[in-house]
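In: I would like to see how this sequence folds:
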Amino acid sequence: MVKGFGLVCMIAALGLAGILKAEELKSRIRLLEDIQYMLLNLKSQMFYFREPLQILLEKLSKTADSRAFLLLNACALELCDKNGDIGQIWAENTVRIYKRTSLTQEDLEIIAQIGTYLGQTDFAGHQIQFECTEERLRQQIQQARETDRQKSPMYRKIGFIGGAAAALIVL
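Out: Numbering: from 1, shown residues only. Model prediction:
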């Protein structure tokens with residue numbers, strides 16, 4: 001009885017590990033879509049209202065509750081306190097806020113790059129940079145969806161099959 005319960009727990013634990021690994025792939029998609037949403041909001045606010053960057057970041061950071069908008073808030077606070085370079089502040093906060101997430105290094109580089117052109121160029125320059133970043137984000141989201149479609153079922157199956165194989169070995 002106890003041995004059977006232990007074997008079921010082993011299968012369940014390895015199956016859960018597979019499910020969690022598959023969930024990481026979905027998490028990457030959600031994080032990238034969140035950045036995309038924040039970028040669209042930032043772009044529209046910059047183009048329509050043309051407010052100073054610090055005020056714009058503060059105002060936008062209050063519109064949603066996610067990591068992307070937390071990034072805006074952190075950058076706005078540091079700009080107020082330090083009056084530093086937005087590129088450096090953005091990059092540091094990107095690393096701090098998105099560490100231990102499922103984003104790849106390339107994803108983080110795209111997010112960090114946003115700070116390099118905020119407030120640095122004119123209207124036309126911003127528009128070109130936003131379009132370039134939006135396209136790169138679209139490609140990353142498409143790649144993340146394809147990876148999820150291919151690997152999520154595999155991770156779940158491997159988890160449960162691995163659990164069953166381990167249980168058979170223990171028997």
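
In: helices of the chain, start to end?
Out: 2-49, 53-61, 67-82, 86-98, 105-117, 123-170 (DSSP state H).

In: any idea of the angle the last one forms with helix 2-49?
Out: This means helix 123-170. On the basis of axes from the mean of the first three to the mean of the last three C-alpha atoms, to 10 degrees, helix 123-170 is oriented at 180 degrees to helix 2-49.

In: report the distance from helix 123-170 to the chain centre.
Out: Taking C-alpha atoms, centre = their mean, to the nearest Å, one finds the center of helix 123-170 at 11 Å from the center of the full chain.

In: other SSEs contacting that helix?
Out: Here helix 123-170 is seen to pack against helix 2-49, helix 105-117 when contacts are counted using 3 or more C-beta pairs under 8 Å, 6 or more residues apart in numbering; DSSP states H and E. All C-beta spots, glycine's among them, are computed from the backbone N, C-alpha and C.

In: what's the longest one packed up against?
Out: So the one you mean is helix 2-49. Using 3+ C-beta pairs under 8 Å, 6+ apart: helix 2-49 touches helix 53-61, helix 67-82, helix 105-117, helix 123-170.

In: so what's the residue count around residue 169?
Out: Using other C-beta atoms under 10 Å, the number of residues around residue 169 comes to 8.

In: and the pLDDT for it?
Out: What the model reports as pLDDT for residue 169 is 87.

In: any idea how far residue 158 is from it?
Out: 16 Å (C-beta to C-beta, to the nearest Å).

In: what of residue 107?
Out: 25 Å.

In: same deal with residue 46?
Out: 45 Å.

In: ok, now residue 56?
Out: Distance from residue 56 to residue 158, by C-beta to C-beta: 46 Å.

In: the nearest residue to residue 11 once chain neighbours are set aside: neighbour count?
Out: Spatial nearest neighbour of residue 11, excluding adjacent residues (C-beta to C-beta, 6 or more residues apart in numbering): residue 163 at 3.6 Å. Neighbours of residue 163 under the rule other C-beta under 10 Å: 22.
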